[in-house]
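Novice: model this:
(chains A and B)
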Protein chains: 2
Amino acid sequence: MASLPEALSELIHRLSRLPGIGPRAAERMALAIIDKNPAEIAALADALNDAVARVTHCPHCGCLSQDNRPCRVCDDNARDRSIICVVESPLDSIALEKGGGYHGLYHVLGGAISPLSGVLPEDLRISELLARVGDGVVSELILATNASPEGEATALYIRQELDELHERRAAAGSSESLARIRVTRLARGLPSGSQLDYTDSATLQSALDNRTEL
Amino acid sequence: MASLPEALSELIHRLSRLPGIGPRAAERMALAIIDKNPAEIAALADALNDAVARVTHCPHCGCLSQDNRPCRVCDDNARDRSIICVVESPLDSIALEKGGGYHGLYHVLGGAISPLSGVLPEDLRISELLARVGDGVVSELILATNASPEGEATALYIRQELDELHERRAAAGSSESLARIRVTRLARGLPSGSQLDYTDSATLQSALDNRTEL
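Specialist: Residues are numbered from 1 along each chain as shown, chains lettered A, B, ... in the order given. Next up, the predicted model:
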């Protein structure tokens, strides 16, 4: 809009480039921002710069961390180091942490295998995962990739890679540690709170196939 | 969430204090922000600081402006200086400018009279408006306050103040310039695109009362 001061137009433009913020929402936010306490907006600007400069990936698991330090999960001595939950992105581990029911470690792959989008196995952190698995401490690997074709393919690929690693080690005479590793994946079934008549048929079929004793 | 890096939690906290941004939206925005190009986020932080420091009110009309300069409307020689549209807030003038059909000037009151909320006539920029009106250039005043009880009361108050000013000037023998000023207000009626059966009765009554020849 020609009638707005440049500094305000620039702010609206910058805000509208954020995900989920359309031009109308950006305008409303910008107009509210200039009415706010300047100290509060300076704190927001600092928080933006700080987050971009300091949020990094954990050198062990690839989850979000700060200043290149290990993340809070890897740093927590109370976590069970014998279980690794393999996820596609750091956001997946945040979602799992919210539940609070998982007490093992994570491993972030950084995506899922998708040849059509140009993501090949060597683009993911799979070799790092195999190195962690071979340390003799890990006893279970939960493949928590997405329930999408790419996520499924990635889980199967990791399963195969583990089998091959096991065979190579067996040939070299040192297979004990890999042999006792359980490889699991997340259950498929009805989401909690769902209604049967609103559930898609693939989900219903999984729920039938994986039915449990009551 | 305990598992998030501090710099990220701080950013989520700051974002969630913006109007219209809940905790969930703030989290989604923050996670997207740290994935963005750092230069782009630095530009957003600069735009925030810049907007708070530089966006000011126009010394003439009170609309949004920059660096204490006159606003773009007051600065535009193509605008009709004989018409002043009186609005409650700078946002109202922005809404009117979007239509693009108004070519006069504005005057921002800074609110509406509301004794219950402690806003009295002397808290508004009414004396500044009367000073502008008395300059001999203005020929029409459009009272574009909100269609709320407070907006109505404010428009009536300004109408009365103008009449009193006119009488005082007449007593002093210099009433010509004020006598020929038209005082109008925005039309009341059906909003464009509305359906009769969804329209409230007060709006329908205004539309009936102000019906026009076809």
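Novice: okay, CA-based contacts and neighbour counts for the rest of this
Specialist: OK.
Novice: Identify the spatial nearest neighbour of the residue of chain A at minimum distance from chain B, chain neighbours not counted.
Specialist: Closest approach between chain A and chain B, counting by C-alpha to the nearest C-alpha: A:Ala45, at 4.4 Å. Nearest non-adjacent residue to A:Ala45, counting by C-alpha to C-alpha, 6 or more residues apart in numbering or on different chains: B:Ala45, 4.4 Å away.
Novice: now do A:Glu10
Specialist: In space, A:Glu10 is closest to B:Ala47, 6.4 Å off (C-alpha to C-alpha, 6+ apart).
Novice: Phi and psi next, for that neighbour.
Specialist: phi -60, psi -40 (degrees, to the nearest 10).
Novice: Cross-check the contact I'm expecting between it and A:Ala7.
Specialist: Yes. Taking contacts as C-alpha atoms under 8 Å, B:Ala47 lies within contact range of A:Ala7: 6.9 Å.
Novice: Would you check that my belief about A:Val52 contacting B:Ala30 is correct?
Specialist: No. A:Val52 lies out of contact with B:Ala30 (C-alpha under 8 Å); the separation is 9.7 Å.
Novice: Looking at the two, which one has more neighbours?
Specialist: B:Ala30 (26 against 22; other C-alpha atoms under 10 Å in any protein chain shown).
Novice: which residue sits closest to the more buried one, ignoring its sequence neighbours?
Specialist: B:Ile12 (5.8 Å).
Novice: who's in contact with the one you found?
Specialist: Residues counted as contacts of B:Ile12 (C-alpha atoms under 8 Å, 6 or more residues apart in numbering or on different chains) are B:23, B:26-27, B:29-30.
Novice: Swap in 7 Å and give it another go.
Specialist: B:26-27, B:30 (C-alpha atoms under 7 Å, 6 or more residues apart in numbering or on different chains).
Novice: Surely it forms part of a helix?
Specialist: Yes. Per DSSP: H, G, I helix; E, B strand; the rest coil, B:Ile12 lies within a helix segment.
Novice: For chain A, give me the ranges with low pLDDT.
Specialist: Residues of chain A meeting the criterion pLDDT under 70: A:1-2, A:174-179.
Novice: quick one: the residue nearest to A:Glu10 and A:Arg28, what's the gap?
Specialist: 15 Å (C-alpha to C-alpha, to the nearest Å).
Novice: again with A:Leu91
Specialist: 28 Å.
Novice: again, but for A:His103
Specialist: For A:His103 relative to A:Arg28 (C-alpha to C-alpha), the value is 42 Å.
Novice: Name the nearest residue to A:Gly189, ignoring sequence neighbours.
Specialist: A:Ala207 is the one closest to A:Gly189 (C-alpha to C-alpha, 6+ apart), at 4.0 Å.
Novice: repeat for A:Leu190
Specialist: A:Ala207 (6.0 Å).
Novice: can you list the residues that contact stretch A:103-120?
Specialist: Stretch A:103-120 has contacts (C-alpha under 7 Å, 6+ apart) with A:61-63, A:73-74, A:79-81, A:83-90, A:121, A:124-126, A:129, A:150-151, A:153-154.
Novice: Please repeat the previous calculation with a cut-off of 6 Å.
Specialist: A:61-62, A:79-81, A:83-89, A:121, A:124-125, A:150-151, A:154 (C-alpha atoms under 6 Å, 6 or more residues apart in numbering or on different chains).
Novice: Can you select the buried ones from those in ChimeraX?
Specialist: Selecting only the buried entries of the contacts of stretch A:103-120 in ChimeraX, with 16 or more other C-alpha atoms under 10 Å in any protein chain shown as the criterion:
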select /A:61,62,81,83,84,85,86,87,88,89,121,124,125,150,151,154
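Novice: Contacts only, for A:Leu196.
Specialist: With contact set as C-alpha under 6 Å, 6+ apart, A:Leu196 has no partners.
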